[in-house]
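K.L.:
Task: produce atomic coordinates for the following.
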Amino acid sequence: MQDSDIVTLFTYRFLIDEPQPPHNFTQDIKDLQQFPERLSLSYIDEWKSDIKRYMSKNNLTIDDLEALSTQLTEPDTAQQYAPLKDIVVRALQINSSDTVSIIETPFKRYIDKLVNS
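P.N.:
Got it, this is the predicted structure:
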């Protein structure tokens, strides 16, 4: 999947976000600052699933979903979207870099264990 496709996927997922405790989409994106590998390991598949489920539940087509992007012109929405998009783009850059590698630390293993259990 190309980076531009992932950003588009993120954008759709951002636009359809419906708070569902304990899941917090915004916090998931912020977590990419510490764990950028989550983007490719789980978030992309989750976002695809969330979007498909939302479209099915609301009987939407891809054109309807694309129409939601007009919300990005609203100042409040744009203000929330921009920093989160920057985090996603940065995570993509880190994940595709040849000079960056993930350092396995005891803390990282602990967090991964908590998240995956």
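
K.L.:
Could I get the full set of helices for this protein?
P.N.:
In the chain, the helices defined using DSSP state H lie at 3-15, 25-31, 38, 44-57, 62-67, 75-96, 106-116.

K.L.:
Flag every buried residue along the first one.
P.N.:
Neighbour counts over helix 3-15 (16 or more other C-beta atoms under 10 Å) mark Ile6, Leu9, Phe10, Thr11, Tyr12, Arg13, Phe14, Leu15 as buried. In this view, the C-beta of every residue, glycine as well, is placed from N, C-alpha and C.

K.L.:
does the second one really touch Ile44, like I thought?
P.N.:
Looking back up the chat, that one is Leu9. Yes: between Leu9 and Ile44 a contact is recorded at 6.6 Å, counting by C-beta atoms under 8 Å.

K.L.:
and Phe25, how far is that from Trp47?
P.N.:
9 Å (C-beta to C-beta, to the nearest Å).

K.L.:
Which pLDDT does the model give Tyr54?
P.N.:
Tyr54 carries a pLDDT score of 93 in this model.

K.L.:
now stretch 92-108, how far from the centre of its chain.
P.N.:
18 Å (C-alpha atoms, centre = their mean, to the nearest Å).

K.L.:
Please identify the deepest-packed of the helices of the chain.
P.N.:
Ranked by mean neighbour count, those are led by helix 38 with a mean of 19 (mean count of other C-beta atoms under 10 Å).

K.L.:
Turn the buried residues of helix 3-15 into CSV, columns for distance to Ile62 and pLDDT.
P.N.:
Putting the buried residues of helix 3-15 into CSV (distance: C-beta to C-beta, whole Å; pLDDT from 0 to 100) gives the following:
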residue, distance to Ile62, pLDDT
Ile6, 17, 91
Leu9, 12, 94
Phe10, 16, 95
Thr11, 13, 96
Tyr12, 9, 95
Arg13, 14, 95
Phe14, 16, 96
Leu15, 13, 95
